[in-house]
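**Student:** Need a 3D model of the sequence below.
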Amino acid sequence: DITNVATSLKNSQMSNGGWRFDTAYPFPMFDLTADAIYILRKLGFTGNAIDKGVQWIENHISSSNVGFPDAKSTNVSDNALHALQNAKELTAGTYLGAILSGRKAIAGSQNLDGSWDQFIPNTVGYPGTTAEAIFALTDHETLSSSEQYTVSKGINKLIPAQKSDGGWPTAFGYNQAISTFDVSLSVMASFLKAGLSKDSSTLINALSYLNSKQSSDGGFGNTGYTSRATVIYKLAGSNYQNRLSQTIIWLKANQNPDGGWGTSLGYTSTTGSTSWALIGLAYAGETGIEVAKGVSWLLAAQNKDMGWGSLMGIPVSYDSNTAIAVWALSLSRFTRGFSLDLALDKTAYCPNDVVKITATPDKPVQDISMTGSVTLQEGNSYAMTFANTDTSFVSEFVVPSVALPGTSTVSVTGTATYGYGVATKSFIVKNCSTLLPDLYVSRDDITVAVPDAREPNRVITALVKNEGGRDANNVVVNFYKGGPSPGNMIGTQTIPNI
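**Tutor:** Coordinates of the predicted model:
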């Protein structure tokens, strides 16, 4: 599945070598091109696609080394440099010129005071952007002496900006009473990446600030922050193992019944939140059933074009969603005891329709206990009960009359003494309030077969079609010899569902 998705990502590359936001967007974007190259490289893809992508980035570095002028964004330049540095490993030295130019662009755009602005050329620096630039420069096997000086200058700009609570403000010199949590997370990550001593007063105070924001339930208010904190605690080392364990517990507890993650428990599962949760759990070394269910949700959310939208059922895929989903899938590790094939009798239903669900394991049914749930578009979740046949588990779910139109998710989990199996599938709830069946039979749909010319019996077959927006149930089909009057009826048949 990961290979198929990565292939789709590669195939979405524009003819000039870049990647764009979607097919309706006319211009390639640096951050998406950088992310695409990085992901394809990490998954082992080589060849023309990555070469063209790197060449596109390289061609858009200005001759004066002020970064990537189409966007003029330090963050975008950071992402592009990150991709170039990883793509370099394909062929030793092939992209060295682009990497040196990119590193020079970022280092050269540093303000005299050691900060970086959100845009190039720099004017006013910001702590968050400064932290991201430091992270990009230190994401390299070696730093030149001038780059080490640049990083040190940036760190020295950030350290005194630390507020008394241990965090960092949105802007340097801003008389901000309370630190900005998102910025503080970026600074902490950059310091750990740059190798600042974990015993330094700066990081001790920063991690103390992080600790103070952790709720009694172990989380940081939402999936994104908690996942980033999980990564920081992991990088901070064994002294923060208890804190790390609490964030892991929060992430597991806030997984939705459908297997995905939203902002927190009960919020609609999204590609971004599910991917970040999986990334956090992967950094923490988690390999259990929560990871398996999250991966199953992501795979079920995959569109027909092999990409991802922001939500399950959104048919338009975006490179950014696809990139983070592939990243999460490539990091996630788990071991199933058996596989489950999950099937539904249809792909779309009206309120009050019955959804017939079949889960077929590749191990004996008698060994397995099956549970599951259906989560509707509006977030309501309903537990399922299963009966078993010789080879499968079956269940029926009646779509509530008040169900909103949209995508619903079926998630099942089987457990046995030798392990578990998970599966996820989606279906559509249609807006059927104004829809009716539309049945018809054309002349070409009626055929008469003569088994034996010597016999008077005939076999008449009629193909009844429904082109309406709603199913027709218990359809009575009458056959007449001549006009449709009771005396001419020669046969009848009832069709359960069309």
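**Student:** Touching, residue 306 and residue 8? I think so.
**Tutor:** Yes - using C-beta atoms under 8 Å, residue 306 makes contact with residue 8 at a distance of 3.5 Å. Where you see a C-beta, it was placed from the backbone N, CA and C, and this is true even at glycine.
**Student:** Need the overlap of contacts for those two.
**Tutor:** Counting by C-beta atoms under 8 Å, 6 or more residues apart in numbering, the shared contacts of residue 306 and residue 8 are residue 317.
**Student:** show me what contacts residue 194?
**Tutor:** Each residue near residue 194 by C-beta under 8 Å, 6+ apart is listed here: 134-135, 138, 151, 155.
**Student:** out of these, who has the most neighbours?
**Tutor:** Most neighbours among the contacts of residue 194, by other C-beta atoms under 10 Å: residue 134, with 31 neighbours.
**Student:** Could you find the closest non-adjacent residue to that residue?
**Tutor:** For residue 134, ignoring the flanking residues on the chain, the nearest one in space by C-beta to C-beta, 6 or more residues apart in numbering is residue 190 at 4.4 Å.
**Student:** What segments of the stretch 351-498 of the chain are strands?
**Tutor:** All strands of the stretch 351-498 of the chain, identified by DSSP state E, counting those that start in this stretch, fall at 354-361, 369-375, 381-384, 387-388, 393-398, 406-416, 419-429, 439-440, 446-449, 459-462, 465-466, 473-480, 489-497.
**Student:** Export those as TSV, with columns for distance to residue 248, mean pLDDT and mean neighbour count.
**Tutor:** Conversion of the strands of the stretch 351-498 of the chain to TSV gives the following (distance: least, C-beta to C-beta, whole Å; pLDDT from 0 to 100; neighbours: other C-beta atoms under 10 Å):
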stretch	distance to residue 248	mean pLDDT	mean neighbour count
strand 354-361	29	95	19
strand 369-375	23	95	20
strand 381-384	23	94	15
strand 387-388	34	93	12
strand 393-398	31	96	18
strand 406-416	20	94	22
strand 419-429	19	94	21
strand 439-440	56	82	12
strand 446-449	64	82	10
strand 459-462	61	85	11
strand 465-466	51	86	14
strand 473-480	49	87	12
strand 489-497	47	88	11
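**Student:** of all the ones you listed, which lies closest to residue 195?
**Tutor:** strand 419-429 (39.4 Å; C-beta to C-beta).
**Student:** Packing partners of the closest one?
**Tutor:** Packing partners of strand 419-429 (3 or more C-beta pairs under 8 Å, 6 or more residues apart in numbering; DSSP states H and E): helix 289-300, strand 340-344, strand 348-349, strand 354-361, strand 406-416.
**Student:** how about the helices in the stretch 51-200 of the chain?
**Tutor:** 74-87, 96-108, 127-138, 145-158, 181-194 (DSSP state H, counting those that start in this stretch).
**Student:** and if you look at the stretch 201-350 of the chain?
**Tutor:** 201-213, 223-236, 241-253, 271-283, 289-300, 319-331.
**Student:** Go through these and name the closest to residue 342.
**Tutor:** Among the helices of the stretch 201-350 of the chain, if distance is taken as C-beta to C-beta, the winner is helix 289-300, at 8.9 Å.
**Student:** Quick check: mean pLDDT of that closest one?
**Tutor:** Mean per-residue pLDDT for helix 289-300: 94.
**Student:** tilt between it and strand 419-429?
**Tutor:** 40 degrees (axes from the mean of the first three to the mean of the last three C-alpha atoms, to 10 degrees).
**Student:** End to end on stretch 342-354, go ahead and measure it.
**Tutor:** 16 Å (C-alpha to C-alpha, to the nearest Å).
**Student:** now do stretch 212-226
**Tutor:** OK, stretch 212-226 end separation, C-alpha to C-alpha: 13 Å.
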